[in-house]
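J.: following is a predicted model, sequence given first.
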Amino acid sequence: MAATSIKNLKEFSTSNDRFEGAHTLCPGCAHSMIVRELMNCTDDNLVIATNTGCLEVSTAVYPFTSWDTSWIHIGFENAATAASGAEAMYKARKRKGSLKDNDASVKFVAFGGDGSTYDIGFQWLSGAVERGHDFTYICLDNENYANTGGQRSSATPIGATTTTAQAGSHSYGKKEKKKDMIAIMAAHGAPYVAQLAPNKWKSMAKGFQKALETEGPCFINTVSACCTEWKFDPKDTIGITDLATDSLIFPIYEIIDGHELNILYRPKNVIKVEDYLAAQGRYKHLFKPEYKHVIEQIQKDVDKQWEMLQRREEARI
Amino acid sequence: MQHLKLLANDNRGLNELENGTGLMGWHEVTQGSILPSFEGDATHIAHLKSEERSYSNFNSYTATVASWRVLKPVYNRDICIDCQNCWVWCPDSSILSRDKQMLGIDYDHCKGCSVCVEVCPTNPKSLIMFSEQTPLEDALGQWPEKKKKEDK
Ligand SMILES: Cc1ncc(C[n+]2csc(CCOP(=O)(O)OP(=O)(O)O)c2C)c(N)n1
Ligand code: SF4
Ligand code: SF4
Ligand code: SF4
Ligand SMILES: [Mg+2]
């Protein structure tokens, strides 16, 4: 594997972009920050499959492609299937010696939104991981079906308003809690599972490199702040992500071989979840007196999860 | 300072379609389509800078989104410390950096989101948003003074 140097940002900035501009993602969209970092952290040839969603529709606007690598889109749910099929064919041809370049280092990657990862493509992802293909699946988790106008997904947190779980006089938005996809993927026995965020660029690049290096199926959930549906000013994408990681609503951690948990970022000053919620329009209604209990509930859940992660890290089981 | 030649042109790719060079229109696409990102062999693209590559007309690098902008970021070399924060967080691959040095903004691909201004750590900032019509020299002439630390 030819990893590029990520020792510091200056070193990393000498890497070559393979994700091109003039895609049509919203200004300030975190999807592209994440994808660009994945493509810049390695010199290996990449074969990338992408589920339908903002990333796919915005980077393959006919007659343009923003991908400087082999890239395929088939349908909403099957990036994991496409990547695993390509990987299986590649392995077979390598064995037969029928590849154009038998020594080239090639990595297989799949991108999906939370809608396609947590919901509609879930069984495809589960199948590909169970079959043990050598690929890395990266979920761009913006906690809603953004490309179709902001419907709720099973990654949408409790209390957020979406077009299909709307806040109003009788509702505080989504009533159900977010699915713990990291635990689910670790339970598959995947060799590398992590949750990473673009504001912590180094731990994200390190995690990406680790996943690409690791043989077998790896899963990474990335926090992808979506100014359009979370309702904040595009300039604040990194600031909002800072609030997300520093309030611990999005803890940064990895799980190796399904059990060895490492916390990758410990905020010096943990901020209240309230500060994270207050910065986004999708939680505005929670600040009415009648919904105060929802904010308290979210804080309790975050504290409990952090406690659990720390104990698991200590226990190494 | 190094200057980079950019390839952007609003009509590349699209022109080819409309002028009937044998490519399909969207309404004719049935099974799928393949868009080659480069002319010729692309195996070693990861080792080439954009100015060393031969982009095909289908690569979005040859298109522009400049018309999306209302405000544009202006770069002031005098204050910049080359930290590369703007480079790593620009969502539109529009910060031009070579040899660990920030060179400026690729105005063909910048959408004016202002993320780079927010993450710039210098005082005053080395990147500031100005209206799209403001000439660069005027913008540089109006640069704010260093801000004093606020009293607590
Ligand atoms: C099987 C199927 N169902 C629904 C759709 C419509 N659709 C296209 S993109 C999208 C939302 C994608 O949401 P997500 O996966 O979270 O990605 P995001 O756009 O948020 O990045 C939906 C519902 C589809 N293309 N195919
Ligand atoms: S809707 Fe959200 S995820 Fe989609 S392009 Fe816009 S900011 Fe990005
Ligand atoms: S304004 Fe946004 S798109 Fe333009 S250079 Fe700055 S970060 Fe990049
Ligand atoms: S963030 Fe500011 S100081 Fe750092 S490289 Fe960019 S312009 Fe220069
Ligand atoms: Mg989504």
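T.: Great, that's in hand. Ligands and ions are numbered 1, 2, ... in the order given.
J.: residue contacts, A:Arg266?
T.: Shown in contact with A:Arg266 (Cβ atoms under 8 Å, 6 or more residues apart in numbering or on different chains): no residues. (Glycine included, C-beta is placed from N, CA and C.)
J.: can you pull the pLDDT of it?
T.: A:Arg266 carries a pLDDT score of 98 in this model.
J.: for it, helix, strand, or coil?
T.: Put simply, A:Arg266 is coil when judged by DSSP: H, G, I helix; E, B strand; the rest coil.
J.: so which bits of the stretch 101-250 of chain A are right by chain B?
T.: A:Asp101, A:Ala104, A:Pro198, A:Trp201, A:Pro234, A:Lys235, A:Asp236, A:Thr237, A:Ile238, A:Gly239 (Cβ under 8 Å from any Cβ of the partner chain).
J.: how about the fourth one: what's its closest non-neighbour residue?
T.: Counting by Cβ to Cβ, 6 or more residues apart in numbering or on different chains, A:Trp201 lies nearest to B:Val88, which is 5.1 Å off, once chain neighbours are set aside.
J.: I figured A:Glu130 hits A:His188, correct?
T.: Yes - between A:Glu130 and A:His188 a contact is recorded at 6.3 Å, counting by Cβ atoms under 8 Å.
J.: next, show the common contact partners of the two.
T.: With Cβ under 8 Å, 6+ apart, A:Glu130 and A:His188 have no common neighbours.
J.: more neighbours: those two, which one.
T.: A:His188 (17 against 12; other Cβ atoms under 10 Å in any protein chain shown).
J.: before we move on, the earlier item: against which helices or strands is the helix or strand that contains the residue nearest to A:Trp201 packed?
T.: Element membership for B:Val88 (DSSP states H and E) is helix B:85-89. Under the contact definition 3 or more Cβ pairs under 8 Å, 6 or more residues apart in numbering or on different chains; DSSP states H and E, helix B:85-89 sits against helix A:9-12, helix A:30-40, strand B:95-98, helix B:115-119.
J.: hang on, the earlier thing: so which of the residues of the stretch 101-250 of chain A next to chain B is surrounded by the most neighbours?
T.: A:Thr237 (30 neighbours).
J.: so that residue, which state does it fall into?
T.: Relying on three-state DSSP, one would call A:Thr237 helix.
J.: correct me if wrong: it contacts A:Ser32.
T.: No - taking Cβ under 8 Å as the definition, A:Thr237 is not a contact partner of A:Ser32, at 10.2 Å.
J.: overlap in contacts, these two.
T.: Joint contacts of A:Thr237 and A:Ser32 (Cβ under 8 Å, 6+ apart) are B:Pro91.
J.: which residues sit in contact with the nearest residue to A:Asn45 once chain neighbours are set aside?
T.: Nearest non-adjacent residue to A:Asn45, counting by Cβ to Cβ, 6+ apart: A:Val106, 4.7 Å away. The contact partners of A:Val106, by Cβ under 8 Å, 6+ apart, come to A:Asp44, A:Asn45, A:Leu46, A:Val47, A:Tyr90.
J.: what about stretch B:123-141, start to end distance?
T.: With Cα to Cα, to the nearest Å as the measure, stretch B:123-141 spans 16 Å from end to end.
J.: next, count neighbours for the nearest residue to A:Lys175 once chain neighbours are set aside.
T.: In space, and not counting its chain neighbours, A:Lys175 is closest to A:Ile158: 6.6 Å by Cβ to Cβ, 6+ apart. Around A:Ile158 there are 17 other residues, counting by other Cβ under 10 Å.
J.: do B:Asp82 as well
T.: Around B:Asp82 there are 17 residues (other Cβ under 10 Å).
J.: again with A:Asp275
T.: Neighbours of A:Asp275 (other Cβ under 10 Å): 11.
J.: how much space separates it from A:Ser15?
T.: 34 Å (Cβ to Cβ, to the nearest Å).
J.: go on, A:Phe135?
T.: For A:Phe135 relative to A:Ser15 (Cβ to Cβ), the value is 22 Å.
J.: cool, and A:Pro191?
T.: Distance from A:Pro191 to A:Ser15, counting by Cβ to Cβ: 25 Å.
J.: who's more crowded, A:Phe135 and A:Ser15?
T.: Higher neighbour count among A:Phe135 and A:Ser15: A:Phe135, with 27 against 22, using other Cβ under 10 Å.
J.: isn't the more buried one right next to A:Val109, touching?
T.: Yes - if you go by Cβ under 8 Å, A:Phe135 and A:Val109 touch, sitting 6.6 Å apart.
J.: secondary structure element for the nearest residue to A:Pro217 once chain neighbours are set aside?
T.: Nearest residue to A:Pro217 in three dimensions, chain neighbours excluded: A:Val129, at 4.2 Å (Cβ to Cβ, 6+ apart). Per DSSP H and E, A:Val129 falls inside helix A:122-130.
J.: does that helix come close to ligand 1?
T.: No - using Cβ under 6 Å from any ligand atom, helix A:122-130 stays clear of ligand 1, with a minimum separation of 10.9 Å.
J.: what sits up against that helix?
T.: A:77-81, A:83-84, A:110, A:112, A:117, A:135, A:137, A:185, A:188, A:190, A:217, A:219.
J.: hang on, the earlier thing: now the residue nearest to A:Pro217: how far from A:Cys226?
T.: Applying Cβ to Cβ to A:Val129 and A:Cys226 gives a distance of 26 Å.
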